[in-house]
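**Student:** With the sequence up front, the predicted model follows.
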Amino acid sequence: MTSADNGKEQRPGHFPVWAIVLLAVLGAVILLGAGTLGGLAIRGAGTLGSALTASRAPTVSTQSVCDAEQVARDVLPTIVTIGVSAADGSGGTGSGEVITSDGYILTNNHVIAPAAEGAEITVLYSDGSTHPAKLVGRSPRADVAVVKVDASGLPVIQQGDSTTLQVGQPVVALGAPLGLSSTVTTGVVSALGRTVPVQSDTDRNAVLADAIQTDASINPGNSGGALVDCEGRLVGVNSAIATVPGANGVAGGGSVGIGFAIPEAVAIPIAQQIIETGKVVYPTFGIGVAPIQAGQQGSEQTGLYVQSVTPGGPADQAGIQPGDIITRVDGKPVGSIDDLTAIQLTHQPGDQVKVTHERDGKSTTTEVTLGSGS
C-alpha cells in the first residue's frame, strides 16, 4: 500500500547514500552530489526573511545572453564548497549558497544526507578558508537541506523570483563540478514545470517539483549550487542531470545539456521552515492511494486508486471515498505517487485544490482543502 501523505513505495534494495543515482527519466537522471560543492552566498540582511523576502525581485529579462563575467564577479566571492565525511572515511562533496548573513546555507539533501547519521560537514569558502558546519534540517522528499556555520556578516545571494521565468531566458549556473570550485556556465531555461522523481536516502522518492530544465552545463558536484538570472539573483538550486545510456544501459556521468533545478519558489519556503522550526510540514490530502493503469479497477484512465481515507481528513470532508479513482488534480493528470508529492511541495496547508475522481463510471470534481502533516 502507498500513501500520498505517509505511505512508502516498495522498491527492491535500498539507496546507498553517496552512490550516483540513475533513473529512467529522459534516459537517466543523475543526482549531482557525488562530486564536490559549490555554493552561492546571498546579499542581504541577517535573517532569512529580510534576506530573501525583502530582496525578492522579478527575474524577467530582455537579454539574449547573460554577462557571465559580471555575474561571476558578483556571485563567485560568495560560493562555498560543502564536504561531508563519515567516521569510516566515506563522504562526498556538493554545492550550496549562503542565504543569510549569519551563516545559513541552502543545499540539496542528497549532498548532506550522511550528516543525518553523524557525518561531519565542512564548508570551504572561495578564499580557501574552511569552517565546520552543522545540519539544521532537511527535506528528503523535496531534496532540500539547510546547514549552518557559526559566522556573521557573510555575503548573501540576492533572491530572484522563479515564478516569472520564461522559456528561453538566459541563466548562469555556479558551483564546483567534479571538484572544480568557482565554475561558471551559461545557458537558457529550456523548459519549466517538470516533475522529476529521483531516489532519496529514504525509501520514498524525492521529487524535484515544478523543476526548471536548463542547458547550462552542470555536472556531478554542482548539486546544491545556484542557478541565477542575469542579475545574479537565485532562481533555482541545481540538483540533477539527464544522461544518455551507454554500454549495457549504464548511464554516463557527464552533462548532455539537460539539467534540472529546484525552483526558488519551492526551495526557499522549505528552507524558511527548516530555519524556523528544524523540520518541514507538508500539506496533506488524508488519503492512501496506489497508481493504476487504464483498464484497471474499471477505469478508462490512468490514475490513483483511493485505498483509504482518513476519517475527518481533507479528502473525507470533500466527499472522496475508498474505491474512488483520482484522475486529475488542479486540472493536471495524475498517475503516480510522485505526482501527488509534487502537488504537496508546491502548495501550503490550507490551499484549496480541485480533485477530479471517478466513482461507478461517473467523473466528479470537488475541492479539497489541504491539511497539515509530516
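**Tutor:** Yep, that arrived. Numbers count the residues shown, from 1 in each chain.
**Student:** Which helix runs longest in this structure?
**Tutor:** Counting by DSSP state H, the longest helix found in the chain is helix 264-277.
**Student:** who does it touch, helix- and strand-wise?
**Tutor:** helix 48, strand 104-107, strand 130-139, strand 144-149, strand 206-214, strand 234-242 (3 or more C-beta pairs under 8 Å, 6 or more residues apart in numbering; DSSP states H and E). In this view, the C-beta of every residue, glycine as well, is placed from N, C-alpha and C.
**Student:** Now do the very next helix or strand once past the first one: which elements does it pack against?
**Tutor:** Beyond helix 48 on the C-terminal side, the first helix or strand identified by DSSP states H and E is helix 68-75. Identification of packing neighbours for helix 68-75 by 3+ C-beta pairs under 8 Å, 6+ apart yields strand 170-175, strand 183-198, strand 226-228.
**Student:** Buried by neighbour count: which residues of helix 68-75 qualify?
**Tutor:** 71-72, 74-75 (16 or more other C-beta atoms under 10 Å).
**Student:** Partner strands of the following helix or strand past the longest helix of the chain and their direction?
**Tutor:** Next helix or strand after helix 264-277 toward the C-terminus (DSSP H and E): strand 282-284. The pairing partners recorded for strand 282-284 under DSSP bridges are strand 371-373 (antiparallel).
**Student:** Run through who's touching the strand it pairs with.
**Tutor:** For strand 371-373, the external contacting residues (C-beta atoms under 8 Å, 6 or more residues apart in numbering) are 5-6, 281-286, 313-314, 349-350.
**Student:** ok so, going back, a markdown table for the helices and strands packed on helix 68-75, including distance to residue 255, mean neighbour count and mean pLDDT?
**Tutor:** Formatted as a markdown table, those follow (distance: least, C-beta to C-beta, whole Å; neighbours: other C-beta atoms under 10 Å; pLDDT from 0 to 100):
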| stretch | distance to residue 255 | mean neighbour count | mean pLDDT |
| --- | --- | --- | --- |
| strand 170-175 | 10 | 28 | 95 |
| strand 183-198 | 9 | 20 | 95 |
| strand 226-228 | 14 | 31 | 97 |
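**Student:** Throw these into CSV and include distance to residue 88, thanks.
**Tutor:** CSV is the format used below for the helices and strands packed on helix 68-75 (distance: least, C-beta to C-beta, whole Å):
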stretch, distance to residue 88
strand 170-175, 26
strand 183-198, 25
strand 226-228, 31
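**Student:** now for these, which one comes closest to residue 333?
**Tutor:** Relative to residue 333, the nearest member of those by C-beta to C-beta is strand 183-198, separated by 11.2 Å.
**Student:** Quick one: list the elements packing against that closest one.
**Tutor:** Strand 183-198 packs on strand 29-31, helix 68-75, strand 170-175, strand 206-214, strand 234-242, helix 337-345, going by 3+ C-beta pairs under 8 Å, 6+ apart.
**Student:** got the angle for it vs strand 170-175?
**Tutor:** 90 degrees (axes from the mean of the first three to the mean of the last three C-alpha atoms, to 10 degrees).
**Student:** in its sheet, what does strand 183-198 sit against?
**Tutor:** Partners of strand 183-198 in its sheet, by DSSP bridges: strand 170-175 (antiparallel), strand 206-214 (antiparallel).
**Student:** how about the ones you listed, which one is nearest residue 144?
**Tutor:** Among the strands paired with strand 183-198, strand 206-214 comes nearest to residue 144, with 8.9 Å by C-beta to C-beta.
**Student:** circling back to that earlier point, which one of the strands paired with strand 183-198 lies nearest to residue 276?
**Tutor:** When the strands paired with strand 183-198 are compared by C-beta to C-beta, strand 206-214 sits nearest residue 276, at 20.8 Å.
**Student:** orientation of the closest one relative to strand 144-149 in degrees?
**Tutor:** Using the same axes, to 10 degrees, strand 206-214 lies at 90 degrees relative to strand 144-149.
**Student:** picking that back up, need the buried residues of helix 68-75 in a markdown table with pLDDT and distance to residue 265, can you?
**Tutor:** Output for the buried residues of helix 68-75, formatted as a markdown table (pLDDT from 0 to 100; distance: C-beta to C-beta, whole Å):
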| residue | pLDDT | distance to residue 265 |
| --- | --- | --- |
| 71 | 95 | 21 |
| 72 | 91 | 25 |
| 74 | 93 | 22 |
| 75 | 90 | 20 |
